[in-house]
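1. show me the folded form of this:
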Amino acid sequence: MYGDDLAFLRAHVEVVELVSADGRARVAVVPAWQGRVATSTPAGPQGPSCGWIHRDQIARGIRPPEERRGRLEEHIHVFGGEERFWLGPEGGQFSVYFAPGVPFDFDHWQVPAPIDTDPFRVVRQTATEVEFVHEFRLTNWSGHVRAARVQRTVRLVEPDAVVEQFPRDARAKLEAVAYETDNRLTNVGDQRWTPETGLLSIWILGMYPPSPATVVVIPIRPGDESELGPRVRDTYFGAVPPTHLRVTDRHVLFRGDGTRRGKIGISPRRSLGCAASWAPEQGILTLVTCTRPRGPARYVNSMWEMQADPYDGDELNAYNDGPPAPGLPPLGPFYELETSSPGGELAPGDTLRHVSRTLHLRGEREALDLVARRVLDIGLNEIEAAFR
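-> Alright, predicted model coming up:
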């Protein structure tokens, strides 16, 4: 329940809550976690909590560096949260998650402090909007320094404005919570960011509670692979088996059950700018969309390897958590929906912008089915049948 999660969060960290005019749609934002959306609800304090939060990690907090050695916190603090700000690329010669020259393996992977432990500063706040700023310096795997400033605004969208876009027969039967994050990355150094020395991208990730029947749905552009490339990239953490992945000419379906670690990616040539999930146990349909460039763009490659093409990256990703190796516990478990901007070729003072929008819908199944067919071109019965 949202009210329980909000009370728990407030017992450990400062929370900024954004609330709709009728008091039902609510979004909980944590400045200490880079302006992260921790969770949200369409139905007030007694409504469902749409985000996944890691209570054990939150209760432990951020330990001193010497106390993190040999623990997961040495690499990342998994606080959870349904929409967080990160940077790409994760792997490759321009990665900012691996120190210069080290191997691309989990022992050497380190989420940088600016997107793990650094708080973002609140510079403006209203009942439905909060804005953050943070400045930092990072060095990529190839040794090139990036001095940057982030401006991030989290904005709640009034539910009536959201539901209005859906079929008339569905509107009165739906509850909604929607928000967008406006993310801007500025080069505040004195050197231009070039493809030859490494570009940074804005990477937005949302963590959600898994369940046996949850399915991620990503519509894709149909067409021959000789023209558009593969329908999906499924080799980030080893090939995803058919038990967890189904691919058609128009859709990629991926289980969000939190039992098997795997990740998929959709290239900008295949992407339609939308990723979704259907969680029948909760009765929640989640839709995530993002702004897209008008023309060709370089998307950074996050594969954990030396890359023949560092800009053969994905626009959309989904991740299903599970044990990273036999005998080890999962990070959560949870599942993720992710969007990325192109890499920013920024001169000093230039800014890269990426807006990501998240919408959770709850209501009568018939109404949710109408929305799924309108937005995703697939019905709820078809989604549920994918892994039966």
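2. all helices of this protein, in order?
-> Secondary structure of the chain by DSSP state H: the helices cover 2-10, 55-60, 65-68, 159-163, 168-171, 225-228, 365-376, 380-385.
3. okay, strands next: where are they in the stretch 201-350 of the chain?
-> Taking DSSP state E, counting those that start in this stretch to define them, one finds strands in the stretch 201-350 of the chain at 201-208, 215-219, 245-247, 251-255, 262-266, 274-279, 284-290, 316-320, 335-340.
4. quick one: furthest residue from the center of the protein?
-> The centre of the chain is farthest from one residue, D169, which by CA atoms, centre = their mean lies 30.9 Å away.
5. which residues touch the residue nearest the centre of the chain?
-> Nearest to the geometric centre of the chain sits L205, at 1.4 Å (CA atoms, centre = their mean). By CB atoms under 8 Å, 6 or more residues apart in numbering, L205 lies in contact with 83-84, 86, 319, 336-338. C-beta: built from backbone N, CA, C; applies to glycine.
6. one step back: out of the helices of the chain, which comes closest to I266?
-> When the helices of the chain are compared by CB to CB, helix 225-228 sits nearest I266, at 10.8 Å.
7. which residues touch that closest one?
-> For helix 225-228, using CB under 8 Å, 6+ apart, the contacting residues are 221, 231, 267, 269-270.
8. out of the residues you listed, which end up buried?
-> 221, 231, 267, 270 (16 or more other CB atoms under 10 Å).
9. hmm, the third one is touching N317, no?
-> So that's S267. No: between S267 and N317 there is no contact under CB atoms under 8 Å: 10.7 Å.
10. related to what we said a few turns ago, and which of the contacts of helix 225-228 is nearest to L331?
-> Of all the contacts of helix 225-228, the one with the least separation from L331 (CB to CB) is S267, at 25.7 Å.
11. quick one: pLDDT of that closest one?
-> Per-residue pLDDT puts S267 at 97.
12. I'd like to know how far it sits from Y97.
-> Taking CB to CB, to the nearest Å as the measure, S267 and Y97 are separated by 21 Å.
13. so, low pLDDT: which residues of this protein?
-> For the chain, no stretch has pLDDT under 70.
14. ok, back up a step: closest to G349 out of the strands of the stretch 201-350 of the chain?
-> strand 201-208 (17.3 Å).
15. send the alpha carbons of that closest one over as CSV?
-> This file holds the C-alpha atoms of strand 201-208, laid out as CSV (Å, rounded to 0.1, in the frame of the first residue of the first chain):
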residue,chain,number,x,y,z
SER,A,201,23.6,9.8,-22.5
ILE,A,202,20.7,10.4,-20.1
TRP,A,203,19.5,7.0,-18.9
ILE,A,204,16.2,6.7,-17.0
LEU,A,205,15.3,3.5,-15.2
GLY,A,206,12.2,2.4,-13.3
MET,A,207,12.1,-0.5,-10.8
TYR,A,208,8.7,-2.3,-10.2
